[in-house]
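Asks: Got a predicted structure here, sequence first:
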Amino acid sequence: MSLIANYGVTQQAMERAMLGVSLCDQIRNEEIHRRTKVTDIAQRVAKLKLQWAGDIVRKTDGRWGSKV
């Protein structure tokens, strides 16, 4: 199981706790996301990785990152 998947499980547990909803209530994850309006952690991590890659590419001080 990937690290991002673990974040997703943790995020779901936190959102359920925020709403006071248990797994026995059988409320779909999509409904929980709609109610909490919390950004999906996998999407956020992907966006931050792309931003970081862009920052590395724009550096002009001779670091190895732009050569890769």
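Replies: Done, it's in.
Asks: CA only for contacts and neighbour counts going forward, please
Replies: Will do.
Asks: by contact count, what packs against the helix or strand encompassing residue 55?
Replies: Take DSSP states H and E as the rule and residue 55 turns out to sit in helix 41-58. Contacting helix 41-58 under the criterion 3 or more Cα pairs under 8 Å, 6 or more residues apart in numbering; DSSP states H and E are the following elements: helix 3-19.
Asks: With adjacent residues omitted, what lies nearest to residue 11?
Replies: residue 41 (7.3 Å; Cα to Cα, 6 or more residues apart in numbering).
Asks: what's around the one you found, how many residues?
Replies: 16 (other Cα atoms under 10 Å).
Asks: Quick check: residue 34 vs residue 44, distance?
Replies: 17 Å (Cα to Cα, to the nearest Å).
Asks: Now stretch 28-44: average pLDDT?
Replies: For stretch 28-44, mean pLDDT rounds to 90.
Asks: Can you list the buried residues in it?
Replies: 32, 33, 41 (16 or more other Cα atoms under 10 Å).
Asks: Format those residues as CSV; extra columns: distance to residue 61.
Replies: CSV is the format used below for the buried residues of stretch 28-44 (distance: Cα to Cα, whole Å):
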residue, distance to residue 61
32, 46
33, 43
41, 32
